[in-house]
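1. I would like to see how this sequence folds:
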Amino acid sequence: MTTTVGSHRSGRRLLCIFLCLFTLPAWADSPIYLAGQYTLLITEASMMNYDVDNDSRADQVRDRLESLDPEMQQWLATLPAAERTRLGDDWRGLRKAMLGDNDGAGLVHGYDGYLQSVYTLHRDSLRRALLQAADEEAEGDLSETCVQMMRILASYMNVAANPFGGFALSFEDKDTDLARLVTEMDAHWERLLRQETVPTVRSAHTKWQFIRSSILRATEESLPFIVSYQSRQILAQLGDEMGLSIR
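-> Here you go, the predicted structure:
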């Protein structure tokens, strides 16, 4: 029997996916975890427009996409058929926008498709579906605060990366209304801090206070390095308290 190089590669890829599915952490298909990883992907892709070390950012985007793929596939497999098809198409379209294919280069290969790629990343229904699923999974003030932080970070990067600013965006997506999101976040923190006194949560809240005003001024003064860095630290700290590695 003869085989081709392509069949060998396909076989290795299938074996890799198969092994990954059986070596994923128990929480890898948690919607909260997946929403967190997707939010970090949004952040890293958006930061490619700002960071002079673009090669490093491109590597981060590429690595996160590849590590997230088997986890996303596992979660998609749990969805009803119609939703699985719709969101699966979104995920494949996103990977194409980021990584490219035989028809053209993706975001990680240069800036040519930057705005279109980042717009795809921010606007697709997969982001909304993941955040909604994370909301449904969240139980208690800790997890609810963590999910709200994801929504704010994704929204801030959306506004910061969009050439038309957040004013126009707010008419088409309520999740770009940062003033409302910040007010809701304040209420989340208030409820959480009534119950949680551990240093990690207190530290996360201090970081929130540091970036709160910058988030509100997103359309006037964009500070993506500061906001993205502190927000990632907040997600990591809250995630650690929940037993999820959101980093």
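
2. give the closest residue to the most centrally placed residue in the chain in space, chain neighbours not counted.
-> The C-alpha lying nearest the average C-alpha coordinate of the chain belongs to T39 (C-alpha atoms, centre = their mean; 1.5 Å). Excluding the flanking residues, the one nearest T39 by C-beta to C-beta, 6 or more residues apart in numbering is M150, at 4.3 Å. All C-beta spots, glycine's among them, are computed from the backbone N, C-alpha and C.

3. show me what the host helix or strand of the one you found is packed up against.
-> Using DSSP states H and E, M150 sits in helix 141-161. Where contact means 3 or more C-beta pairs under 8 Å, 6 or more residues apart in numbering; DSSP states H and E, helix 141-161 is packed against helix 31-47, helix 114-123, helix 125-137, helix 165-169, helix 178-195, helix 199-216, helix 224-242.

4. dump those to TSV, plus distance to G100.
-> Below are the helices and strands packed on helix 141-161 laid out as TSV (distance: least, C-beta to C-beta, whole Å):
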stretch	distance to G100
helix 31-47	14
helix 114-123	10
helix 125-137	19
helix 165-169	26
helix 178-195	32
helix 199-216	32
helix 224-242	24
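
5. winner for burial among those helices?
-> Among the helices and strands packed on helix 141-161, ranked by average contacts under mean count of other C-beta atoms under 10 Å, first place goes to helix 31-47 (a mean of 24).

6. ok and it relative to helix 141-161, angle-wise?
-> 20 degrees (axes from the mean of the first three to the mean of the last three C-alpha atoms, to 10 degrees).

7. helix or strand right after helix 31-47?
-> The helix or strand immediately downstream of helix 31-47 is helix 54-76, counting by DSSP H and E.

8. then that following helix to CSV, C-alphas only?
-> This file holds the C-alpha atoms of helix 54-76, laid out as CSV (Å, rounded to 0.1, in the frame of the first residue of the first chain):
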residue,chain,number,x,y,z
ASN,A,54,5.5,43.0,16.6
ASP,A,55,7.2,39.6,16.0
SER,A,56,6.8,38.8,19.7
ARG,A,57,3.1,39.7,19.7
ALA,A,58,2.6,37.7,16.5
ASP,A,59,4.2,34.7,18.2
GLN,A,60,1.9,35.2,21.2
VAL,A,61,-1.2,35.2,19.0
ARG,A,62,-0.1,32.2,17.0
ASP,A,63,0.8,30.2,20.1
ARG,A,64,-2.5,31.0,21.9
LEU,A,65,-4.5,30.1,18.8
GLU,A,66,-2.8,26.8,18.6
SER,A,67,-3.1,26.0,22.3
LEU,A,68,-6.7,27.1,22.4
ASP,A,69,-7.8,25.1,19.4
PRO,A,70,-8.3,21.7,21.0
GLU,A,71,-9.9,23.2,24.0
MET,A,72,-12.3,25.2,21.8
GLN,A,73,-13.1,22.1,19.7
GLN,A,74,-13.9,20.2,22.8
TRP,A,75,-16.3,22.9,24.0
LEU,A,76,-17.9,23.3,20.6
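
9. output the contacting helices and strands for that helix.
-> Helix 54-76 is packed against helix 5-23, helix 31-47, helix 81-99, with contacts defined by 3+ C-beta pairs under 8 Å, 6+ apart.

10. worst mean pLDDT among these?
-> Of all the helices and strands packed on helix 54-76, the minimum mean pLDDT falls on helix 5-23 (a mean of 46).

11. may I ask which helix or strand of the protein has the lowest mean pLDDT?
-> Lowest mean confidence among the helices and strands of the chain (mean pLDDT, DSSP states H and E): helix 165-169, at a mean of 44.

12. measure E139 to A133 for me?
-> For E139, the distance to A133 equals 13 Å [C-beta to C-beta, to the nearest Å].

13. and if you look at S228?
-> If you measure S228 against A133 using C-beta to C-beta, the figure is 23 Å.

14. residue contacts, A133?
-> Contact analysis of A133 by C-beta atoms under 8 Å, 6 or more residues apart in numbering lists P31, L34, A35.
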